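**Q** Sequence below, structure please.
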Amino acid sequence: MPIATINPATGETIRAFVSLTDAQLEQKLQLSSYAFRAHRQTSFADRARMMNRAAEILESEKEQFGRVMTLEMGKPLKSAIEEAAKSAWACRYYAENAEVLLADEEIATTIVTLLERMKMLVEGAGAAALTALFTRRIAPQGRTAVVLSGGNIDIKLLEGLIERAMLKAGRYVRLFSAVEDRPGGLARLLHEIAEARGNVMEVIHNRTSASVPIGMTGVEILIETRDATHVDDLIGRLRAAGYPVQPMA
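**A** Here you go, the predicted structure:
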């Protein structure tokens, strides 16, 4: 079934488009996926050049774009031209500020902060503006409102973001140590952690590490802690007890 563009003022069909077949649609989706993966590897400087070029095109051809909007959407011509000019401004704004607004680590922290304090799930793009304010990279102008939008975030990604934020805040610590490879060796280490008021979340044995002496087994441990000071106290206690403890990134 053809898809038609219709002038809302007159009802006239401006142009008809043949619908894609399933195979054509799948091909375009694959091309889009490839383009996305390729584009995400480009630098912010390259992206800025593209956005500035888009702004130049929008600005130089705003009357033409305005006429298309009026013809296809019924928008008043003056407003349509102004919208094209506003789009050019938006392109330049993001060309200049995208690197700040899309800083991954800070956005991840904002997502987790909103979850913890506001019980609100927001995707990365929806948290970008608030991140810019949190990090003081953009100064508010008077009384400032921020739109928080979208909950379209992968569960595994969200799990990773939460763990990274907890590690950064000193609420989790991941340690590597070594214990005697005999019954009771791990239990003694866990007892020391419990005495330091650490809550063990995960334990992984690593017998293949070249840094572990013969007769010992490596242990990776994820521990819930109160804060960064508690982490330092916990590591100090374990080292004083003779355990070779190294924090893991």
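
**Q** you'd agree A4 is in a strand?
**A** Yes. A4 sits within a strand when classified using DSSP: H, G, I helix; E, B strand; the rest coil.

**Q** ok, it to S32 distance?
**A** To S32, A4 is 24 Å away according to CB to CB, to the nearest Å. (Glycine included, C-beta is placed from N, CA and C.)

**Q** now swap in H205 and tell me
**A** As judged by CB to CB, H205 and S32 stand 44 Å apart.

**Q** go on, M69?
**A** Plainly put, M69 is 25 Å away from S32 if you go by CB to CB.

**Q** what residues go with each domain of the chain?
**A** Per the record, the chain has its domains at 3-97, 104-166, 170-247, by automatic domain parsing.

**Q** following the helix or strand containing V200, which helix or strand shows up next?
**A** Per DSSP states H and E, V200 falls inside strand 199-206. Next in sequence after strand 199-206, counting helices and strands by DSSP H and E, comes strand 216-224.

**Q** Excluding chain neighbours, what is closest to the most centrally placed residue in the chain?
**A** The centre of the chain sits closest to G124, judged by CA atoms, centre = their mean, with a distance of 4.5 Å. Among residues not flanking G124 along the chain, I107 sits closest, at 5.1 Å (CB to CB, 6 or more residues apart in numbering).

**Q** Compute the mean per-residue pLDDT across the lengthiest helix in the chain, please.
**A** Taking DSSP state H as the criterion, the chain has its longest helix at helix 77-101. Averaging pLDDT along helix 77-101 yields 91.

**Q** Okay, buried residues for it please.
**A** Neighbour-count burial for helix 77-101, with 16 or more other CB atoms under 10 Å as criterion, is recorded at 80-81, 83-85, 87-88, 91-92, 94-95, 101.

**Q** next one: stretch 180-200
**A** 181, 186, 189-190, 192-193, 196, 198.

**Q** In terms of mean pLDDT, which of the domains of the chain ranks lowest?
**A** The weakest mean pLDDT among those belongs to domain 104-166, with a mean of 84.

**Q** Strands of this structure, residue ranges please.
**A** Assigned by DSSP state E, the strands in the chain fall at 3-6, 13-17, 172-180, 199-206, 216-224, 246-247.

**Q** Any idea how far the last one is from the middle of the chain?
**A** Computed by CA atoms, centre = their mean, to the nearest Å, the separation of strand 246-247 from the middle of its chain amounts to 26 Å.

**Q** That one pairs with which strands, and in what direction?
**A** With DSSP bridges as the test, strand 246-247 is paired with strand 172-180 (antiparallel).

**Q** Also the fifth one?
**A** On the basis of DSSP bridges, the sheet neighbours of strand 216-224 come out as strand 172-180 (antiparallel), strand 199-206 (antiparallel).
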